[in-house]
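Enquirer: Quick one: sequence plus predicted model below, questions after.
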Amino acid sequence: MKARTSFTIDADVVAKLDSIVDNIYYRSKSEAVEDILRKYFEKQNTAIVLCGGEFTIDGTEYYRPLVKVGESTVIERIISNLRINNFRNIMISGKTELLKQIFSILKNGEGYGVDIKYVDDNNLKGSAKALERVKQYVGSTTLFVTGDAIFDIDLRDMLKFHVQHNSPASMAIYVPADTSFPTKDRVVLKGSKILSYEKLQEPVNSKLIPTSIFLLDQDVFKYIPPGDLGWSIKTDLLPLLAKDGLLFGYMYNGSWLSIKTREDLERAKKLMESRNA
């Protein structure tokens, strides 16, 4: 269905529109504008926000994406970050009850300048199987982030890095100012290539903090076995990609914090306060 609208644009833009109306590709300025706008929106980058599992703050019933850090919830901060970095086609994956509560805040994303769809991951065994469920929505390159993190990474620059390295998988590696940052994820790098990735039983302090921010191409899905079995991104998928030399690390300064505990939430609040000071 067509809708009539009107707007004012510069005369030189109108002249350029006139020049491409040739009765072959475009028969009118309206047709040209519609096609150009459609192609523009199709080029908006796609991001999938993973909110699977129980996804609550440890020891509470509060869902991590819904807790407030400052004036906004975690999920609102993530959506804002994605929009600023031109990731405006967004899917949120999680359990039905959590998705209902997220929808009550974000709706279809129109008020946030994005387009949001919701995909339930009920009865799935592991985060990598959640990737498999959204496979149909994945284009040449898709951003995956978890719905419990505060970050200020330049995602457009990370996308450029990913394309330059011509590999199906890139992970953001946070480089804190000191080694007091605890992590249960260990990476070994040679240049930008991740030689190995390991999930640890106990946290260690490190200057290389693997985040839950990934750029993945369609090729990664062949590393996720079919069927009803448990398969995790960090425990199963990433070690295999690293072993085959297909995982690269995009290192950045700034901030990143995954909110899993009450202590994490307090740290996130202090981080936001220091930014606004």
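Expert: Happy to help now that I have it.
Enquirer: Quick check: Arg267 is in a helix.
Expert: Yes: residue assignment for Arg267, taken from DSSP: H, G, I helix; E, B strand; the rest coil, places it within a helix.
Enquirer: where does the chain have low pLDDT?
Expert: By pLDDT under 70, the weakly predicted segments of the chain are 1, 23-24, 36-44, 124-126, 138-139, 277.
Enquirer: hey, where'd the helices end up in it?
Expert: 11-20, 29-42, 74-84, 96-106, 127-133, 155-165, 238-243, 262-276 (DSSP state H).
Enquirer: can you tell which of those helices is closest to Asp58?
Expert: Of all the helices of the chain, helix 262-276 sits nearest to Asp58, with 7.3 Å by CB to CB. For the C-beta atoms, the positions are set from N, CA and C on the backbone; glycine is no exception.
Enquirer: thinking again about what came up before, Glu202: which of the helices of the chain is closest?
Expert: Comparison of the helices of the chain against Glu202 by CB to CB identifies helix 262-276 as nearest, at 16.3 Å.
Enquirer: Show me the beta-bridge partners of Asp185.
Expert: For Asp185, the beta-bridge assignment (DSSP bridges) gives partners Lys199.
Enquirer: Help me confirm that it comes into contact with Pro210.
Expert: Yes: because the distance of 4.1 Å satisfies CB atoms under 8 Å, Asp185 is recorded as touching Pro210.
Enquirer: Comparing these two, which residue is more hemmed in?
Expert: A direct count of neighbours by other CB atoms under 10 Å for Asp185 and Pro210 places Pro210 higher, at 24 against 20.
Enquirer: looking at it, the more buried one is touching Thr183, isn't it?
Expert: Yes: contact between Pro210 and Thr183 holds when scored by CB under 8 Å: they sit 7.0 Å apart.
Enquirer: Distance-wise, check Asp120 relative to Val163.
Expert: Taken as CB to CB, to the nearest Å, the spacing of Asp120 relative to Val163 amounts to 31 Å.
Enquirer: same deal with Pro226?
Expert: Distance, Pro226 to Val163, using CB to CB: 29 Å.
Enquirer: Also Gly191?
Expert: Taken as CB to CB, the span from Gly191 to Val163 is 17 Å.
Enquirer: Between the two, point out the one with more neighbours.
Expert: Comparing Gly191 with Val163 by other CB under 10 Å, the one with more neighbours is Val163, at 13 against 9.
Enquirer: just checking, the more buried one touches Ser140?
Expert: No: with contacts defined as CB under 8 Å, Val163 does not count as touching Ser140, sitting 9.5 Å away.
Enquirer: rewinding a little: which one, of the helices of the chain, ends up nearest to Thr179?
Expert: Between Thr179 and these, the shortest separation by CB to CB is 16.5 Å, and it involves helix 262-276.
Enquirer: Return the residues in contact with Phe87.
Expert: Contacts for Phe87 were tallied using CB atoms under 8 Å, 6 or more residues apart in numbering; they are 44-47, 114, 143, 155.
Enquirer: Fine by me, thanks again.
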